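Trainee: A predicted structure for the sequence below; I have some questions about it.
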Amino acid sequence: MKRSRRLLAAASTVAALAASLAACGGSSDSASADGTVTIHVQGWKGGGSEPANVAAINKAFEKANPKIKVDFEYITANDTYLQKLQPQLLAGKAGDVIMVDSDKVKKWGDSGYLADLSNQSWASKIATDAQPFTQNNGKTFAMPMELIGIGMYANMDLLKKAGITEVPSDWPTFLADLGKLKKAGINPLALPDKSGWTAQSVLQAAGSSLVYQKNKTWDADFLAGKTTINNDWKTSLEQLKELGDKGYVNWKSELGVDEWSQGSADFTAGKSAFWYQGAWQVSSVKKAVKFPISFAPWPATAAGTAPNAMFFTGTMWGVNSQSKNSDAAKKYVDFWSQSENLGKFLTAENAASPFTGGVTPQAEETTAFNTAFKDGRYRLMPSNTWLTGTAETTIGSKLQAYLLGSASESQTLKDIQTAATAK
């Protein structure tokens, strides 16, 4: 699933209309003659190739709440989702509960489309570092469903053929293992980059260790103008180039491979020892392959230093401010916040709980990621601040030029700085 997002344009007149419509919405539910309320739920997970146990959770909710029925609508992610929801929200016809991410929390929160959920019991239990992604102007507009990792997949059979017994956890070992694989005639690493997503994400994954282990408050310092991309991300950028210089990745060829379809198909076909993608692919990959796999943090650190894992604050549930069934909608969201229910979704997604004291499912394939999370060795992508959807796209394009030799290192760092500070 594509995790980059496009910004939503919200004119002041639209925001005013949405706020007006929201003011008209009541908190009491619209029930049928027998007292049954039906809530319409819309999301980009729960169908297609990502069922994510949503149907099972909906069934459990209906069993626990026999007077509330769930009318669930799966909508393809990204452009399709926005093109359907945006006019529906404007017209007051969107679902009672709608799936959002950090970008939509900001944009739809500004437009008045989302109900304030700050007083819900689960709001105070959101992990401190995840709270900013659920809030806008100090109000909580969404319930986080997951913290989901993005990192490196390994085909353990191919590693074994090259005499490698475990997934590397630091940069020198990683380079040495890539060399062993190449010498054994095995394609060492696949980094599909047709849309520019993979290169910019690997840059972020490398920086999660190289930048944030030195300064956990780097994002705040950057936003305050106390540091720059050029000062702190040079080594992360150079690692990308080193992979190409040593012949472990052919960046020109990778620009012709789609990240979201062909990349997955190639890895499951056993065409590379390592592959970079999100944990949301673990379940489908496990079903598609006969070889053992492992999913681990990107190994960017110095020899003997454990890497940080990189997590993305993924999907969330928001309540439509115009819902005529807001009580039932909030009850649905609250049901999802409970560990025994959310755990079904987290298991399918191979994700970590976004709640303090929440339960994170354990799986053999994700042991390295789960260990980093448990130990506090992780960083959440700042997707609601300087790493916006627009910035991600621009950075990806600039990195493609750099890795093809069309732009210098210094210029690329400047370009990334410009993209990250654009208003």
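Mentor: Ah, there it is.
Trainee: from now on I want contacts and neighbour counts done on CA atoms only, so please keep to that.
Mentor: OK.
Trainee: stretch 163-177: how far from the chain's middle?
Mentor: The gap between where stretch 163-177 is centred and where its chain is centred comes out at 26 Å by C-alpha atoms, centre = their mean, to the nearest Å.
Trainee: any idea of the mean pLDDT for the longest strand seen in the chain?
Mentor: Secondary structure of the chain per DSSP state E: the longest strand is strand 147-155. Averaged over strand 147-155, pLDDT sits at 97.
Trainee: secondary structure element for the nearest residue to residue 43 once chain neighbours are set aside?
Mentor: In this structure, residue 43 finds its nearest non-sequential neighbour in residue 99, 4.7 Å apart by C-alpha to C-alpha, 6 or more residues apart in numbering. Secondary structure assigned from DSSP states H and E places residue 99 in strand 97-100.
Trainee: partner residues bridging the residue nearest to residue 43?
Mentor: Counting by DSSP bridges, residue 99 is bridged to residue 317.
Trainee: what's the distance between residue 398 and residue 239?
Mentor: Applying C-alpha to C-alpha, to the nearest Å, the value for residue 398 to residue 239 is 16 Å.
Trainee: the more surrounded of these two?
Mentor: The neighbour comparison of residue 398 against residue 239 (other C-alpha atoms under 10 Å) goes to residue 398, with 22 against 16.
Trainee: thinking again about what came up before, any idea which helix or strand comes after the longest strand of the chain?
Mentor: Scanning onward from strand 147-155 (DSSP H and E), the first element met is helix 156-161.
Trainee: would you mark the buried spots in that next one?
Mentor: Residues of helix 156-161 classed as buried by neighbour count (16 or more other C-alpha atoms under 10 Å): 156, 157, 158, 159.
Trainee: let's have those residues in CSV, adding distance to residue 403.
Mentor: Formatted as CSV, those follow (distance: C-alpha to C-alpha, whole Å):
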residue, distance to residue 403
156, 28
157, 30
158, 27
159, 26
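Trainee: SS state for residue 294?
Mentor: Of the three states, residue 294 takes strand under DSSP: H, G, I helix; E, B strand; the rest coil.
Trainee: just the strands in this structure please.
Mentor: Going by DSSP E, the chain shows strands at 37-43, 68-74, 97-100, 135-136, 139-140, 143-144, 147-155, 189-190, 274-278, 293-296, 309-313, 316-319, 378-380.
Trainee: residues making contact with the third one?
Mentor: Contacts to strand 97-100, defined as C-alpha atoms under 8 Å, 6 or more residues apart in numbering, come from residues 39-44, 142, 315-320, 329, 333.
Trainee: ok, the fourth one next?
Mentor: With C-alpha under 8 Å, 6+ apart as the test, strand 135-136 has contacts from 105, 106, 109, 110, 141, 142.
Trainee: over to the last one?
Mentor: Counting by C-alpha under 8 Å, 6+ apart, the neighbours of strand 378-380 from elsewhere in the structure are 129, 130, 208, 212, 308, 309, 310, 311, 312, 313, 372.
Trainee: related to what we said a few turns ago, the residue nearest to residue 43: neighbouring residues, count only.
Mentor: 23.
Trainee: ditto for residue 323
Mentor: Burial of residue 323 is recorded as 30 neighbouring residues (other C-alpha under 10 Å).
Trainee: excluding chain neighbours, what is closest to it?
Mentor: In space, residue 323 comes closest to residue 96 once its chain neighbours are excluded; the distance is 5.0 Å by C-alpha to C-alpha, 6+ apart.
Trainee: wait, that neighbour touches residue 317, no?
Mentor: No. Applying C-alpha atoms under 8 Å, one finds residue 96 not in contact with residue 317, separated by 10.3 Å.
Trainee: sorry, back to before: just the mean pLDDT for the strand holding residue 99, thanks.
Mentor: Across strand 97-100, the average pLDDT comes to 98.
Trainee: and the contacts of strand 378-380, which are buried?
Mentor: For these, buried by 16+ other C-alpha under 10 Å: 130, 208, 212, 308, 309, 310, 311, 312, 313, 372.
Trainee: and the fourth one, backbone torsions?
Mentor: Here is the backbone geometry of residue 308 (degrees, to the nearest 10): phi -80, psi 140.
Trainee: so what's it up against?
Mentor: 208, 209, 213, 297, 298, 372, 377, 378, 379.
Trainee: also the second one?
Mentor: Counting by C-alpha under 8 Å, 6+ apart, residue 208 touches 308, 309, 310, 378, 379.
Trainee: before we move on, what about the fifth one?
Mentor: Listed by C-alpha under 8 Å, 6+ apart, the contact set of residue 309 reads 149-151, 205, 208-209, 296-298, 369, 372-373, 377-379.
Trainee: circling back: pick the one among the contacts of strand 135-136 closest to residue 61.
Mentor: The closest of those to residue 61 turns out to be residue 142 (C-alpha to C-alpha; 18.7 Å).
Trainee: surely that closest one meets residue 316?
Mentor: Yes. Counting by C-alpha under 8 Å, residue 142 sits close enough to residue 316 to count as a contact (5.9 Å).
Trainee: many thanks, have a good one.
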